[in-house]
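Visitor: predicted model and sequence below, questions to follow.
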Amino acid sequence: MNNQRSFFFNVDWFTIFLYLILCIIGWFNIHSAIFDETHPSIVDLSTNYGKQFIYIISALVLATVILLMESRFFSALAPAVYGIVVLLLVLVLVIGRNVGGNQAWISLGGGFRLQPSEFAKFATCLLLARYLSGTNIRVTDIKSFFVAAAIILFPMVLIILQPDAGSTLVFCSLIFVLYREGVSPLFLITAGLVIALFILTLLVSPTYLIGVLVIIAAFLIYFFKRNQTMIITVAVGFVLSVVLIFSVNFLYHHVLKPHQTVRIDEWLGITTDLRGIGYNVNQSKIAIGSGKLWGKGYLKGTQTKFSFVPEQSTDFIFCTVGEEWGFAGTLTVLLIYLTLLFRIIFIAERQRSNFSRIYGYGVASIIFFHVFINVGMTIGLVPVIGIPLPLISYGGSSLWSFTILIFILLKLDANRMGII
């Protein structure tokens, strides 16, 4: 009872301040990106920036409700929440509305839509934290590792069926949670090497690549000639690498969708089509670069105003920041995100409960992935996969999802002296 009375004093208000700043930045940038002179008011509910205002108010109500809830509920209800979200992911495949080639939305009427894949993120974090914090559960054990992996993979399978590759890949970020809980860093290194080898196979002749691997394997075997375990490891790694090299062509042309392969080709420079598949990124870089140091000023961006940049209020909202606020503005936004991430990790590490700590790292992983990929794709560092910039991009489902993610952690943190 005392916790309920004093939670306002225990809540991490600095994190809430960062949250509110990002929401406000997003709202004003959405207004600027899609400004309509016939509807100039930022709270005009007939516009998307007016709708974003409703989303922000409803998100604050949702945040308040979460802070008023009993913190024990989040662990107790994790399986039920996960189950409900899984049912929604199945339901969207049956009755979902197709938007941009993805059947990922459930229509709520009045122009409002719900995207279940956004809510799958916090649901998965909750259940993963619930499982890994259980008695005698160690992620280093084979059984525990595969159960944890299954919790992450199940919603990924349902989301890729929509198909929504961007939202699917977000769940891969939860590998950092497993690493924090004890998975060997070799697992992360191996995953990175697999990705690097996949990309190199697209750029370099397989014969040449295998030749290089033979030299590297021979050197390692000679270096570790007295260590039988390392020799076996190198040999197995070499064989698996060769298998991957010969599998890339099939995976690339028969598993990935055509629109995904052309985006990767454009990103790697295999093909150049600035009027076609490369148009978005090229216009995005032009918009960001045109902002120079201080930007063109609020409502004065020409690239966004004349719709040169597609999806300018959602996936490419960072272009508006770059064009109108310049380098100084983009740097400020990135520093706010960096501060938020460090704050979330700090909060996670000070938890007395394993559940709260694991959940906190889940929140940090997902936010980091979203920011890195979204900003990266607008400046051409990563392929375009279409995920929102947290709390800034237009959209109710995304804003509510990140609100739930953050404020559940804040509630757990406010009661950290208790036992979850």
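Guide: Cool, the structure landed. Residues are numbered from 1 along each chain as shown.

Visitor: could you give the separation of the helix ranked longest in the chain from the chain centroid?
Guide: Using DSSP state H, we find that the single longest helix of the chain is helix 317-349. Distance of helix 317-349 from its chain centroid, counting by CA atoms, centre = their mean, to the nearest Å, is 15 Å.

Visitor: by contact count, what packs against the very next helix or strand once past it?
Guide: Downstream of helix 317-349, the next assigned helix or strand under DSSP states H and E is helix 354-378. Judged by 3 or more CB pairs under 8 Å, 6 or more residues apart in numbering; DSSP states H and E, the packing partners of helix 354-378 are helix 116-132, helix 165-170, helix 175-180, helix 279-290, helix 317-349, helix 396-414. C-beta here means a position set from N, CA and C on the backbone, and glycine is covered the same way.

Visitor: mind running it again at 6 Å?
Guide: Using 3 or more CB pairs under 6 Å, 6 or more residues apart in numbering; DSSP states H and E, the elements in contact with helix 354-378 are helix 116-132, helix 175-180, helix 317-349, helix 396-414.

Visitor: Serialize those helices to CSV and add fields for mean pLDDT, mean neighbour count and distance to L244.
Guide: Listed next are the helices and strands packed on helix 354-378 as CSV, based on pLDDT from 0 to 100; neighbours: other CB atoms under 10 Å; distance: least, CB to CB, whole Å:
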stretch, mean pLDDT, mean neighbour count, distance to L244
helix 116-132, 95, 26, 27
helix 175-180, 93, 20, 18
helix 317-349, 95, 20, 32
helix 396-414, 94, 23, 34
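
Visitor: out of those, which comes closest to L188?
Guide: helix 175-180 (5.8 Å; CB to CB).

Visitor: show me where pLDDT drops low in this structure?
Guide: 1-9, 100-101, 109-111, 276, 305-307, 417-420 (pLDDT under 70).

Visitor: same thing but 80
Guide: Scanning the chain for pLDDT under 80 picks out 1-9, 96-103, 107-112, 163, 254-260, 269-278, 280, 302-311, 416-420.

Visitor: longest strand in it, please.
Guide: Taking DSSP state E as the criterion, the chain has its longest strand at strand 102-109.

Visitor: contacts for that one next, please.
Guide: Residues from elsewhere that reach strand 102-109 (CB atoms under 6 Å, 6 or more residues apart in numbering): 92, 96-97, 99, 113-115, 117, 162, 164.

Visitor: most neighbours among these, please name it.
Guide: S117 (28 neighbours; other CB atoms under 10 Å).

Visitor: and that one, what does it touch?
Guide: Counting by CB under 6 Å, 6+ apart, S117 makes contact with 104, 159, 164, 167.

Visitor: how about the last one, nearest residue that isn't a chain neighbour?
Guide: Looking back up the chat, that one is S167. In space, and not counting its chain neighbours, S167 is closest to S117: 4.3 Å by CB to CB, 6 or more residues apart in numbering.

Visitor: and if you look at the first one?
Guide: Distances taken as CB to CB, 6+ apart place Q162 nearest to A104, at 4.6 Å, with adjacent residues excluded.

Visitor: sec struct for the one you found, please.
Guide: coil (DSSP: H, G, I helix; E, B strand; the rest coil).

Visitor: K411 versus that one, what's the distance?
Guide: 31 Å (CB to CB, to the nearest Å).

Visitor: which other helices and strands does the one helix or strand V65 maps to contact?
Guide: Using DSSP H and E, V65 maps to helix 48-68. On a contact count with 3+ CB pairs under 6 Å, 6+ apart, helix 48-68 meets helix 13-33, helix 396-414.

Visitor: between those helices, which gets nearest to Y279?
Guide: Smallest distance to Y279 across the helices and strands packed on helix 48-68 (CB to CB): 17.3 Å, for helix 13-33.

Visitor: buried set for that closest one?
Guide: Within helix 13-33, the residues scored as buried using 16 or more other CB atoms under 10 Å are 15-16, 18-19, 21-23, 25-33.

Visitor: can I get the CA coordinates of that helix in PDB?
Guide: Coordinates of each C-alpha in helix 13-33 appear next as PDB, following Å, rounded to 0.1, in the frame of the first residue of the first chain:
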ATOM      1  CA  TRP A  13      11.400  11.000 -13.700                       C
ATOM      2  CA  PHE A  14      14.500  11.600 -15.700                       C
ATOM      3  CA  THR A  15      13.500   8.700 -18.000                       C
ATOM      4  CA  ILE A  16      10.000  10.100 -18.300                       C
ATOM      5  CA  PHE A  17      11.500  13.500 -19.200                       C
ATOM      6  CA  LEU A  18      13.500  11.900 -22.000                       C
ATOM      7  CA  TYR A  19      10.300  10.000 -23.100                       C
ATOM      8  CA  LEU A  20       8.300  13.200 -23.300                       C
ATOM      9  CA  ILE A  21      11.000  15.100 -25.100                       C
ATOM     10  CA  LEU A  22      11.100  12.400 -27.900                       C
ATOM     11  CA  CYS A  23       7.300  12.400 -28.100                       C
ATOM     12  CA  ILE A  24       7.200  16.100 -28.600                       C
ATOM     13  CA  ILE A  25      10.000  16.100 -31.100                       C
ATOM     14  CA  GLY A  26       8.100  13.400 -33.000                       C
ATOM     15  CA  TRP A  27       4.800  15.300 -33.000                       C
ATOM     16  CA  PHE A  28       6.400  18.600 -34.300                       C
ATOM     17  CA  ASN A  29       8.400  16.800 -36.900                       C
ATOM     18  CA  ILE A  30       5.300  14.900 -38.100                       C
ATOM     19  CA  HIS A  31       3.500  18.300 -38.300                       C
ATOM     20  CA  SER A  32       6.300  19.700 -40.400                       C
ATOM     21  CA  ALA A  33       6.800  16.700 -42.600                       C
END
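
Visitor: from the middle of its chain, how far away would that helix be?
Guide: Distance of helix 13-33 from the chain centroid (CA atoms, centre = their mean) equals 18 Å.

Visitor: just stretch 375-386 next, same as before
Guide: Offset of stretch 375-386 from its chain centre (CA atoms, centre = their mean): 12 Å.

Visitor: now do the buried residues in that stretch.
Guide: Within stretch 375-386, the residues scored as buried using 16+ other CB under 10 Å are 375, 377-380, 382-386.

Visitor: repeat that for stretch 358-374.
Guide: The neighbour-count check on stretch 358-374 (16+ other CB under 10 Å) flags 358-371, 373-374 as buried.

Visitor: mind listing residues that contact that stretch?
Guide: Contacts of stretch 358-374 (CB under 6 Å, 6+ apart): 121, 125, 129, 132-133, 170, 173-174, 176-177, 180, 337, 341, 344-345, 347-348, 382, 387, 389-390, 405, 409.
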